[in-house]
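Novice: Sharing a model that was predicted from the sequence below.
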Amino acid sequence: MTPSRLDPADARTLWTSALIPNDQFLLYCFDHAGAAPAPTRWAARSLAARAASLPELRVRVAEVPGGLDYPYWVRSDVVDVQTHQGGSWPDVRDAVAALFADQLDARVAAWRLHLFGPVEGAPRCTGRASIVVFQVSHALADGRGASAAARRLFVREPPGIGAALPSRWGPVAAAAAAARGGVGIPTALVQTVFRGLGAGPARSDLDRRTRAGSVPAPAPLCPPTSLNVRPGTGRDVRLAVRTVADLTAHGTTVTVGGMTAISLALERLLESRGEAVPSGLSAEVTVARPTRGGERNSFGNASVPLHPGTPIALRRRLIARSLGAARQRAADPAWARIAAADRSAPAVLVRMGLHAIDIDVRPATVGGATVVSSVARGAADLVLGNGRVAFTAGFPALSPLMGVTHGIHGIGDVVTITVTSARTALPDPDGYAELLGRALDEVRGPA
């Protein structure tokens, strides 16, 4: 199998990580239910062997000399499984937060596994637990793709080999890629201009249908709050583990139930600070969209109003309506035509554009007071030795304009709502965790 070129969308994700770190951290907690966990070293060897058998994890990024083309996925022999000391759940939780400071270099390795154990007092565990954190370069996969890879790591039956490994990347392959990229630049420029001209009518058609009401209009952006500040270097994480029934008690989806609780908690946090709660308070939500070409990241971010100041029952309905509208708009086929010019742009121009971004600029409006990412990770049939999965969690990355993010991640009938924060935005993470916990209880209560 020859090396494959990164899709332009994934290359942008890779290059953006140099400005805004965006590694994904997928946490899986395994409950050993009173039995003695397998020795950590044995579990690490078992995970390493499983990872080595998965072709989708045996890759890294190779840059093309001179930046003349998009990078390539090439073969990697790195299988990185790191063991960490266990201990109490709060200590391990804080150790997980400290992992965010060490981001991957996808040119060396596109993923890493962290194993903590044994862990005492983990949520929903009847005995000692093992915690595994799957760290993944966002260029390798989006939330759904990373969750699928993790499932293949932890299913009881070994998965079959799905694809051949790409060949190794040497000087000859690198030179050939550079030559192809350089020769292709004029053609790519012509395609970019041609497709750019075609994007105009597509945008006009989308605007026309939006005015006619057949496509939902985008939600207004949100005024910045005290949470929209540049993060410092440290990170805190807090987790609330609930059941699917807790969040869907009134006929809503898990995501809507979680966002309703987040809306209540954010509103009360801002009020406790003496800060005026914007009527347009919103969240920047990751929304899946149809895949374009061979991209591994098929999602966009949409501003979704959180409807502060409204009763819980009404707020729940309004958030469901707003989220549905954002998803409908994101799925419109016009976006593929609008994005076509960007997808054909030469790599050198894309990198120049990214280098020109000034992340210190503070805009008058933002996509939301927080980011919310929601991913369902399937059935609760994952195992690690004699431990069964008790819950899973994820931690959306912070950015120069986002000091607090939320994750909603489910496996089986268990859902974990996470808060990832910087002290510059959230000096008291435990206080906010209490606000969120009470809000989750209210969402479950009477309509």
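Specialist: Ah, there it is. Residues are numbered from 1 along each chain as shown.
Novice: Please make it C-alpha for all contacts and neighbour counts, starting now.
Specialist: Will do.
Novice: which residues in the stretch 201-350 of the chain form helices?
Specialist: Secondary structure of the stretch 201-350 of the chain (DSSP state H, counting those that start in this stretch): helices located at 244-247, 254-272, 312-330, 334-344, 347-355.
Novice: rank those by pLDDT, which is bottom?
Specialist: When the helices of the stretch 201-350 of the chain are ranked by mean pLDDT, helix 334-344 comes last with a mean of 82.
Novice: For it, could you pull out the residues that count as buried?
Specialist: 334-338, 340-344 (16 or more other Cα atoms under 10 Å).
Novice: same check, this time on stretch 229-240
Specialist: By 16+ other Cα under 10 Å, the buried positions in stretch 229-240 come out as 229-231, 235-240.
Novice: likewise stretch 175-190?
Specialist: Applying 16+ other Cα under 10 Å to stretch 175-190 flags 177-178, 181-182, 185, 188-189 as buried.
Novice: Near residue 126, how many other residues are there?
Specialist: By the other Cα atoms under 10 Å criterion, the neighbourhood of residue 126 contains 15 residues.
Novice: list the contacts for the residue lying closest to residue 278 once chain neighbours are set aside?
Specialist: Nearest non-adjacent residue to residue 278, counting by Cα to Cα, 6 or more residues apart in numbering: residue 223, 6.9 Å away. Applying Cα atoms under 8 Å, 6 or more residues apart in numbering, we find residue 223 in contact with 278, 280-281, 364-366, 368.
Novice: switch to 10 Å and redo it
Specialist: If you count contacts by Cα atoms under 10 Å, 6 or more residues apart in numbering, residue 223 has them with 277-282, 363-369.
Novice: Same check on residue 415?
Specialist: Each residue near residue 415 by Cα under 10 Å, 6+ apart is listed here: 240-247, 254-255, 258, 375-377, 391-393, 407-409.
Novice: which secondary structure elements does the helix or strand of the chain with the lowest mean pLDDT contact?
Specialist: Ranking every helix and strand in the chain by mean pLDDT, DSSP states H and E puts helix 171-212 at the bottom, with a mean of 79. The contact analysis (3 or more Cα pairs under 10 Å, 6 or more residues apart in numbering; DSSP states H and E) places helix 171-212 against helix 334-344, helix 347-355.
Novice: related to what we said a few turns ago, make TSV out of the helices of the stretch 201-350 of the chain and add distance to residue 36.
Specialist: Converted to TSV, the helices of the stretch 201-350 of the chain look like this (distance: least, Cα to Cα, whole Å):
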stretch	distance to residue 36
helix 244-247	29
helix 254-272	34
helix 312-330	43
helix 334-344	52
helix 347-355	50
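Novice: Out of these, the one nearest residue 3 is which?
Specialist: helix 347-355 (17.4 Å; Cα to Cα).
Novice: Are any of the contacts of residue 223 buried, and if so which?
Specialist: Buried, going by 16+ other Cα under 10 Å: 277-278, 280-282, 366-369, out of the contacts of residue 223.
Novice: which one among those gets closest to residue 417?
Specialist: Using Cα to Cα, the buried ones among the contacts of residue 223 come closest to residue 417 at residue 369, 16.7 Å.
Novice: looking at the sheet around the nearest residue to that closest one once chain neighbours are set aside, what are its partners?
Specialist: Of all residues not flanking residue 369 in the chain, residue 283 sits nearest, at 5.7 Å (Cα to Cα, 6+ apart). Listed by DSSP bridges, the beta-bridge partners for residue 283 are residue 304, residue 370.
Novice: Isn't residue 283 up against residue 225?
Specialist: No: Residue 283 is beyond contact range of residue 225, at 11.6 Å (criterion: Cα atoms under 10 Å).
Novice: Who has more neighbours out of those two?
Specialist: Neighbours were counted for residue 283 and for residue 225 using other Cα under 10 Å; residue 283 has more, 27 against 21.
Novice: Report the contact partners of that one.
Specialist: Here residue 283 is in contact with 221-222, 259, 262-263, 301-306, 366-373, 405-406 (Cα under 10 Å, 6+ apart).
Novice: How about residue 201?
Specialist: 207, 334, 337-338.
Novice: Next one: residue 61 from residue 234, what distance?
Specialist: From residue 61 across to residue 234, the span is 28 Å (Cα to Cα, to the nearest Å).
Novice: quick one: low-confidence ranges for this protein?
Specialist: Counting by pLDDT under 70, the chain contains low-confidence ranges at 1, 158, 160-163, 190, 194, 197, 447.
Novice: By residue count, what's the longest strand in it?
Specialist: strand 111-120 (DSSP state E).
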